[in-house]
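>>> sequence first, predicted model second:
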Amino acid sequence: MPCAGHFERAYGRFGRRKANGDQYDWRPDAPTNPCVEWRVTNATAQVRVKTTDDLLTVPPDAERHGFRNPPAGTHSGRSMMLGDLRILLAACAHTARRAEYGLAIQENNVLGKPTASARLWAFKKLRELYTLQPEVLIFRALVELWDADEEAQPMLALLCAAARDPLLRSTAAVVLATAPEDVVAPGDLSAAVAEAFPSRYSETVLVGAGKNTATTWEQAGLLEGKGKKVRARATSRPTSTAYALLLGHLCGVRGASLFTTFWARLLDAPVHSLREQAIVASQQGWIEYRAAGDVVEVSFRHLLRDEAE
């Protein structure tokens, strides 16, 4: 057991954090065991088992593809707006640019908002959550996969919204660690946000964030219930699996580890099921998946075809 001084070590499924002042290193090749954290202050040592179903900070290189790091926090004011997103993508061409999405929302009022300010607010929040820019890879891939399987749309939206909103990511551990049919209260999610972002949000904002994130997890299928929300099993499909694997790839992960990233965990399915879905996604042409024993290769020639390698 360490002695006096301050020492922290944490290992997680999606990264390894190593104390170096206030700096932490992100590594995609960390072990898959739960996070173990040692804290020593003066002569007192504490050991705490942590979950690793959150990823507040993505690798900096991923930001050029559309990921966002703190302090972004759209869920302080809105859920992932699945219904509005479905209407908008159905109303616009796949090649639409942000200005065309804005025209559809603000001038044509395809979302049916009652006032100009409500239309502007919806456009702003959808931009924050999804970019609405075809030149941004995570949105371009989302749009391309969107119409292939309607059942996959809630999970596709969740994955993109999570990539864009660290506040939503901060609540994932609470939901994923909850057993089926157990209650997940908005207060539990508010507490997760408060722990992840100490002193950043007022109590009023935290209450709203808890409600908004609960709505998002419900829209994605991981929670259910109108009043009291309980844990449910989400539906994962080949296209959403392809998208989750792509997000992991853009965060620097390769090979078999793609099936245990934060993004893969959001699919709410065991690894063997995700591999089966990857086979189907490969057959459909979304990805290239090859496995021989312990060697796994996943590539994305179709979804990355417009990217300069």
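Looks like it came in fine.
>>> ok, the most centrally placed residue in the chain - contacts?
Centroid-nearest residue in the chain, with Cα atoms, centre = their mean: A162, separated by 2.7 Å. Contact analysis of A162 by Cβ atoms under 8 Å, 6 or more residues apart in numbering lists 168-169, 172, 263, 266. Every C-beta, even on glycine, is put in place using the N, C-alpha and C of the backbone.
>>> just Y201 next, same as before
73, 76, 193-194, 209.
>>> helix or strand: which one has it?
Here Y201, judged by DSSP states H and E, is contained in no helix and no strand.
>>> can you offset everything so residue one is 340?
That works, and once the first residue is 340, the last one we named lands at Y540.
>>> which parts of the stretch 440-589 of the chain are strands?
Counting by DSSP state E, counting those that start in this stretch, the stretch 440-589 of the chain has strands at residues 562-563, 569-570.
>>> got these as a markdown table, with mean neighbour count and mean pLDDT columns?
What follows is the strands of the stretch 440-589 of the chain, written out as a markdown table (neighbours: other Cβ atoms under 10 Å; pLDDT from 0 to 100):
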| stretch | mean neighbour count | mean pLDDT |
| --- | --- | --- |
| strand 562-563 | 18 | 98 |
| strand 569-570 | 18 | 98 |
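>>> of all those strands, which one is nearest A438?
For these, the distance to A438 is smallest for strand 562-563, at 35.2 Å, taking Cβ to Cβ.
>>> what lies in contact with that closest one?
Contacts to strand 562-563, defined as Cβ under 8 Å, 6+ apart, come from residues 514, 523, 553, 556-557, 568-571.
>>> 10 Å instead?
Under the criterion Cβ atoms under 10 Å, 6 or more residues apart in numbering, residues 514, 517, 520, 522-523, 528, 552-557, 568-573 lie in contact with strand 562-563.
>>> where does the stretch 340-489 of the chain have low pLDDT?
Applying pLDDT under 70 to the stretch 340-489 of the chain picks out residues 340-393.
>>> mind listing the helices for it?
421-430, 437-445, 455-469, 476-485 (DSSP state H, counting those that start in this stretch).
>>> can I get these in a markdown table with mean neighbour count and distance to E402?
Below are these laid out as a markdown table (neighbours: other Cβ atoms under 10 Å; distance: least, Cβ to Cβ, whole Å):
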| stretch | mean neighbour count | distance to E402 |
| --- | --- | --- |
| helix 421-430 | 17 | 22 |
| helix 437-445 | 18 | 18 |
| helix 455-469 | 18 | 14 |
| helix 476-485 | 21 | 11 |
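>>> okay, those in a markdown table with distance to H611 next?
Rendered in a markdown table, the data for the helices of the stretch 340-489 of the chain read as follows (distance: least, Cβ to Cβ, whole Å):
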| stretch | distance to H611 |
| --- | --- |
| helix 421-430 | 28 |
| helix 437-445 | 39 |
| helix 455-469 | 31 |
| helix 476-485 | 22 |
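>>> relative to G594, which of the ones you listed is closest?
helix 476-485 (20.1 Å).
>>> so this protein: which segments form each domain?
The chain is divided into the following domains under automatic domain parsing: 348-389, 393-573, 577-638.
>>> D645: which of those domains is closest?
Among the domains of the chain, domain 393-573 comes nearest to D645, with 7.3 Å by Cβ to Cβ.
>>> returning to what we had before: closest to R644 out of the domains of the chain?
domain 393-573 (10.1 Å).
>>> chain center to that closest one: distance?
9 Å (Cα atoms, centre = their mean, to the nearest Å).
>>> likewise stretch 610-624?
The mean C-alpha position of stretch 610-624 is separated from the chain mean by 20 Å, Cα atoms, centre = their mean.
>>> same check on stretch 601-621?
Chain-centre distance of stretch 601-621: 15 Å, with Cα atoms, centre = their mean.
>>> before we move on, back to that, ok, which of the strands of the stretch 440-589 of the chain comes nearest C431?
Closest approach to C431 among the strands of the stretch 440-589 of the chain is made by strand 562-563 (29.3 Å; Cβ to Cβ).
>>> coming back round to it: mind listing which of the contacts of A501 are in helices?
Among the contacts of A501, the members falling in helices (DSSP state H) are 507-508, 511, 602, 605.
>>> tell me if V637 really is in a strand.
Yes. Using DSSP: H, G, I helix; E, B strand; the rest coil, the secondary structure at V637 is a strand.
>>> pretty sure A411 contacts A500?
No. If you go by Cβ atoms under 10 Å, A411 and A500 don't touch, sitting 11.0 Å apart.
>>> got any residues that touch both of the two?
Here A411 and A500 have 467-468, 507 as joint contacts, going by Cβ under 10 Å, 6+ apart.
>>> as TSV, the residues you listed with distance to D633 would be great.
Output for these, formatted as TSV (distance: Cβ to Cβ, whole Å):
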residue	distance to D633
E467	40
L468	37
L507	33
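>>> what about the residue nearest to P409 when sequence neighbours are not counted, how many neighbours?
In space, and not counting its chain neighbours, P409 is closest to P505: 4.7 Å by Cβ to Cβ, 6 or more residues apart in numbering. Using other Cβ atoms under 10 Å as the criterion, P505 is surrounded by 25 other residues.
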